[in-house]
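Asker: Sharing a sequence plus its predicted fold:
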Amino acid sequence: QVQLVESGGGLVQAGGSLRLSCAASARTFSNYFMGWFRQAPGKDREFVAFISWATGRIDYADNVKGRFTISRGNAKNTVTLQMSSLKPEDTAVYFCVAARDRPLSSDNPNDYDYWGQGTQVTVSS
């Protein structure tokens, strides 16, 4: 069983930055595939970013490319999401996700086995 714990959410003005972190508990973390999804009120869960822990392959949703950066954290078994140039439409609960096997589609939430509890990000205009 893998536990994912997110941190770093909060309130920021439009144009500002936030850094989210996800700490994962797993013995063989090097084989996992990690990502971030988000869900705004009244909307479906939306793919944000993906990283393969083993290969470093990265993928982003089109609406965050150039503004968000996913990376392996400095601490062991952590993944971070650096968010810049934030917009009010980025307001959502952000979830860290993990998959044991390579997702058929990195943007399909059903391809991930583990989800964190989520952290709220609110961007004011």
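Answerer: Structure received.

Asker: dump the residue contacts of the residue most central in space within the chain.
Answerer: Centre of the chain computed as the mean C-alpha position; nearest residue by C-alpha atoms, centre = their mean is W36, 2.1 Å away. Contacts for W36 (C-beta atoms under 8 Å, 6 or more residues apart in numbering) come out as 20, 22, 48-49, 70, 81, 94-97. C-beta: built from backbone N, CA, C; applies to glycine.

Asker: Show me what the host helix or strand of F50 is packed against.
Answerer: Using DSSP states H and E, F50 sits within strand 46-52. If you count contacts as 3 or more C-beta pairs under 8 Å, 6 or more residues apart in numbering; DSSP states H and E, strand 46-52 packs onto strand 33-39, strand 58-60, strand 68-72, strand 78-83.

Asker: Specify the beta-bridge partners of the residue nearest to the centre of the chain.
Answerer: Judged by DSSP bridges, the bridge partners of W36 are A49, C96.
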